[in-house]
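Participant: Show me how the following folds:
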Amino acid sequence: MRIQILTLLLFCSFSFIYAQEGCTDPQATNFDAMAMTNDGSCLYPATSASLTLVANLSSEMEEISGLAHTSSSGLWGHNDASNPDEIYEIDTLTGAILHTALIIGDNEDWEDMADSEDHIFLGDLGNNAGNRTDLKIYRLNKSELGNNIMNTQIIEFTYSDQTDFSENWNNNDYDCEAFIYHNDSLHLFTKNWLNNQTRHYVMSAEPGAHVAELRETFNVGGLITGADVNDEGTIVLLGYTEVGFNFIWILFDYTDFHYFSGNKRKIEYGTALTNSQTEGIAFKNNKEGFVCSEQFDVGQLELPPKLLTFSIADWVEDEPVSSVDIGSNKSLEVYPNPFEEILFITFSENQNQAIEFSLINALGNESWNGTRQAAQQFELAGFKQLTSGFYTLVAKSKDTIWQRRLIKN
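Facilitator: Below is the predicted model:
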């Protein structure tokens, strides 16, 4: 009985020690294989990719600013300030306008779209001068998509922390061109002209007058112009720097809808000289989506508005790496356990890459490591001098990590 109690206490102590925070993304440069909880500390190498051109858009959408994609009604977009009060269904293969709907509302400065199960949200939240007191989001019924005229309900709002409403064109931090619908609420991301950061606000998605409450701030290093969230909760923030470099921030594995508390990875996507001025973004599935860009003028050069595609598949794991529970693992067998001098490792499938093994003690320090060539079964030896106690065996190939908890007699 005393031995059983001691073993139980040691296991509880071991579990407590290993309930540690750290970077849990294997693609990060500071990935911590021992971390069980993501603390948002992941750092990533500089990463670049390209947007793929679908088509140049017509002059009717030369100031296209926002996108929303629905599984039932396709891709929709709109222009920004002082353009017609219309939204457009866009052919995802050709970029052609398939349908135009007149919106019962005023396009003071429409900047983005979002959608829920039943509604489309149209954001009249552009605020270049920082002095607007009539900010609003129109709520449309998805059931009316396809009609020639669409009725609206109005969500009015103010920012919880704005006290200065003086006019400062492109020189304020209360402009906004990006928002999403998530967890029954609307989440706004500001376009900070002064400090190149973005602030995350949250407010009700119901019609009426509301206060957008400040939740958190993040230094994005540019101007945010669009946002979307997929069914897995992964968020993309689209933007560009003041000298025209395009980027997307990918936000995932966060806590309690504090989107900046988790992993934040920046992907650079070229410049306005190839993409025009990127303005709107929308997922079409959990890994891919569309970007729209408005006409971009450089001196005498006039670049057309465009519809492009993006993918985040290379940077977001389908199943995030997590710790392995004490006990059996179908893909990896380790025996004996407890062990003394030798460990035998058997994988369920033959490994075609070299495997790097390490033993981590209860304090998180590496006590042993070694690399073995590709095989299905391995014999690890040389543990006689290790101190008795609890260890974690970590096995790493190029793209996979396994973990098993062991006892050393």
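Participant: Would you pull up how far the helix or strand where residue 67 lies lies from the middle of the chain?
Facilitator: Using DSSP states H and E, the element containing residue 67 is strand 64-70. From the chain centre to the centre of strand 64-70 is a distance of 18 Å (C-alpha atoms, centre = their mean, to the nearest Å).
Participant: try stretch 105-122
Facilitator: 21 Å.
Participant: likewise stretch 348-363?
Facilitator: 30 Å.
Participant: again, but for stretch 123-133
Facilitator: 26 Å.
Participant: The longest strand along the chain pairs with which strands, parallel or anti?
Facilitator: Of all the elements of type strand in the chain, the one with the most residues (DSSP state E) is strand 208-218. Next to strand 208-218 in the sheet, as set by DSSP bridges, lie strand 153-159 (parallel), strand 198-204 (antiparallel).
Participant: what's the distance between the helix or strand just after it and the middle of its chain?
Facilitator: Heading C-terminal from strand 208-218, the first helix or strand you meet, by DSSP H and E, is strand 223-229. Distance of strand 223-229 from its chain centroid, counting by C-alpha atoms, centre = their mean, is 11 Å.
Participant: Who does strand 223-229 pair with, and is each partner parallel or antiparallel?
Facilitator: strand 235-240 (antiparallel).
Participant: which residues touch the helix or strand following the strand it pairs with?
Facilitator: Next in sequence after strand 235-240, counting helices and strands by DSSP H and E, comes strand 245-252. If you take C-beta atoms under 8 Å, 6 or more residues apart in numbering as the criterion, strand 245-252 is touched by 51, 220-222, 232-241, 259-260, 262-272, 275, 278, 281, 310, 312, 315-316. To be clear about C-beta, it is placed using only N, CA and C from the backbone, and glycine gets the same treatment.
Participant: what is the orientation angle of the strand holding residue 67 with strand 223-229?
Facilitator: In terms of direction (axes from the mean of the first three to the mean of the last three C-alpha atoms, to 10 degrees), strand 64-70 departs from strand 223-229 by 10 degrees.
Participant: How much space separates residue 78 from residue 94?
Facilitator: 19 Å (C-beta to C-beta, to the nearest Å).
Participant: Mind listing the residues bridging to the closest residue to residue 146 other than its chain neighbours?
Facilitator: Of all residues not flanking residue 146 in the chain, residue 99 sits nearest, at 6.5 Å (C-beta to C-beta, 6 or more residues apart in numbering). Beta-bridge partners recorded for residue 99 (DSSP bridges): residue 89.
Participant: Ok, residue 297 next?
Facilitator: When assigned by DSSP bridges, residue 297 has beta-bridge partners residue 302.
Participant: Can you report how many residues neighbour it?
Facilitator: Counted with other C-beta atoms under 10 Å, residues neighbouring residue 297 total 11.
Participant: Also the one 4 residues further on?
Facilitator: Per other C-beta under 10 Å, the neighbour tally for residue 301 reads 8.
Participant: Ok, residue 171 next?
Facilitator: 12.
Participant: State the distance from it to residue 193.
Facilitator: Remark: distance between residue 171 and residue 193 (C-beta to C-beta) = 6 Å.
Participant: can you check residue 117 too?
Facilitator: In terms of C-beta to C-beta, residue 117 sits 34 Å off from residue 193.
Participant: same thing with residue 376?
Facilitator: From residue 376 over to residue 193 (counting by C-beta to C-beta), the distance is 58 Å.
Participant: So between those two, which is more surrounded?
Facilitator: Higher neighbour count among residue 376 and residue 193: residue 193, with 18 against 12, using other C-beta under 10 Å.
Participant: who are the neighbours in contact with that one?
Facilitator: Counted by C-beta under 8 Å, 6+ apart, residue 193 has contacts 170, 171, 172, 173, 175, 223.
Participant: hey, what's the last one bridged with?
Facilitator: This means residue 223. Residues in beta-bridge contact with residue 223 (DSSP bridges): residue 240.
Participant: And the helices in the stretch 1-150 of the chain, which stretches?
Facilitator: 2-18 (DSSP state H, counting those that start in this stretch).
Participant: Low-confidence regions, it specifically.
Facilitator: Scanning the stretch 1-150 of the chain for pLDDT under 70 picks out the ranges 1-19.
Participant: Kindly recompute the last result at 50.
Facilitator: Where the stretch 1-150 of the chain drops to pLDDT under 50, the residues are 2-3, 5-19.
Participant: Likewise for the stretch 201-350 of the chain?
Facilitator: Those would be 319-330, if you go by pLDDT under 50 across the stretch 201-350 of the chain.
Participant: for the nearest residue to residue 192 once chain neighbours are set aside, helix, strand, or coil?
Facilitator: Computed as C-beta to C-beta, 6+ apart, the closest residue to residue 192 that is not its neighbour in sequence is residue 173, at 4.2 Å. Here residue 173 is recorded as coil under DSSP: H, G, I helix; E, B strand; the rest coil.
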